[in-house]
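Asker: Just the structure for this:
(one chain, ligands or ions: 2)
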Amino acid sequence: MIKNNAALPVLDLSQLLAGGEAKQKFLKELAEAARTIGFFYLTGHGLATRQQDILQLSQQFFALPEHEKLSIQMRNSAHFRGYTKLQGELTQGKPDLREQFDIMREEPAVDLACDDSAWWKLIGPNQWPAAMPSMRSALLEWQENLSEVSVTLLRAFADVLQQPEDIFDATIADAPYTHMKLIRYPGSGDAVRRQGVGAHKDPGYLTIVAQDDQSGLEVLTDDKGWVSAAPIEGAFVVNIGELLELASNGYLRATYHRVVSPQTATERFSCAFFMAAQLNTNVPLLELPEALREEALGPASDPENPLFYQVGDNVLKGRLRSHPDVAAAHYPKFAKAG
Ligand SMILES: O=C(O)CCC(=O)C(=O)O
Ligand SMILES: [Fe+2]
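Answerer: Ligands and ions are numbered 1, 2, ... in the order given. Below is the predicted model:
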């Protein structure tokens, strides 16, 4: 049974696009959601049918024989693309009970000089399953669809912060960094509440999650502890990442969340899309009006720490931590140091 969860607000994107009073209402709700919980449902995006198709495609992918999936395992890829088997990824040092398939922007690998930063190696081609020839175009199109929604939201966040709407545009002008995961969470088969994915904040600008009709995603609130982001049919779940929290000096909040495995033989499918600034940029710390500064609930940013804003270094750091097998195979220098 699909039910609403009053703990998280529901925003209608078509109101933003309509302009006028409807847009102002949307921006007010967005400001409140982003400042307090950092999470909201998004309806009115016009992608509900495509979302169903993508989740079905995902079910087909995970139903492939193990050897097909392992033939495109992430360990083959210096660019962190491909399949990761159950418990292959770590969150806070502990294995997550989920299997997943990661893609990023489809690009040729970069020829690196020895003094280039290691994060350039993140750029490269995806791996695709030979058994599902339609998957490439479907997922790349979905990535494009969600990039457009994200850019629209990013401009709305600029509005909320009382900045020019294009304030973030320079940080995504070459193309934003995008990363997408198809995910399957199997039932844990016992009464223990297993770590589907451990508590974490997302590192980028923002995340859009498409989920099937199984609950499991939970959000840590100030007043009610962990609350369920139970599925609402057709709606995305959107959350703010650390880059936006940082740029807004804590006005927009990056919130801890986790996924608890289904307890029985049920499985849960989701697709998470992460957008960050392009890798070769620094994210600015914005000067907010006094009234907004006073209302901020998130942590204040440390302007003395410019390294923290360097997008490529931070993305690579996160990926190396989550995928030690890729680190060992392709980044020996970092694997040893870590
Ligand atoms: O599967 C989900 O619902 C969310 C996954 C998530 O939070 C993540 O991969 O960062
Ligand atoms: Fe997340």
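
Asker: Pairing partners for Gln100 in the sheet, please.
Answerer: Thr84, Ile183 (DSSP bridges).

Asker: For stretch 157-173, which outside residues touch it?
Answerer: Stretch 157-173 has contacts (CB atoms under 8 Å, 6 or more residues apart in numbering) with 27, 30-31, 34, 151, 154-155, 205-206, 244, 247-248, 251-252, 277-278, 281, 283-284, 286, 288-289, 292, 311. Just so you know, the C-beta spots here come from the backbone N, C-alpha and C atoms, and that holds for glycine as well.

Asker: Just the buried subset of those, please.
Answerer: Among those, the ones that count as buried by 16 or more other CB atoms under 10 Å are 27, 30-31, 34, 151, 154-155, 205-206, 244, 247-248, 251-252, 277-278, 281, 283, 286, 288, 292, 311.

Asker: Mind checking which of these land in helices?
Answerer: Leu27, Leu30, Ala31, Ala34, Val151, Leu154, Arg155, Leu244, Ala247, Leu292, Val311 (DSSP state H).

Asker: Please, where are all the helices along the stretch 51-200 of the chain?
Answerer: Here the stretch 51-200 of the chain has its helices, by DSSP state H, counting those that start in this stretch, at 66-70, 135-160.

Asker: can you put the ones you listed in TSV and add distance to Ala22 and mean pLDDT?
Answerer: TSV is the format used below for the helices of the stretch 51-200 of the chain (distance: least, CB to CB, whole Å; pLDDT from 0 to 100):
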stretch	distance to Ala22	mean pLDDT
helix 66-70	45	97
helix 135-160	13	98
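
Asker: residues near Arg321, how many?
Answerer: For Arg321, the neighbour count with other CB atoms under 10 Å is 16.

Asker: and it, which of the three is it?
Answerer: helix (DSSP: H, G, I helix; E, B strand; the rest coil).

Asker: Identify the residues contacting Leu8.
Answerer: Contacts of Leu8 (CB under 8 Å, 6+ apart): Ala33, Ile37, Phe39, Phe40, Tyr41, Val219, Val227, Ala229, Val237.

Asker: Among those, which one has the most neighbours?
Answerer: Neighbour count (other CB under 10 Å) singles out Phe39 as the most crowded of the contacts of Leu8, with 26 neighbours.

Asker: So that one is in contact with Val238, correct?
Answerer: Yes: contact criterion CB atoms under 8 Å: Phe39 and Val238 qualify, at 7.2 Å.

Asker: Nice, that's everything, thank you.
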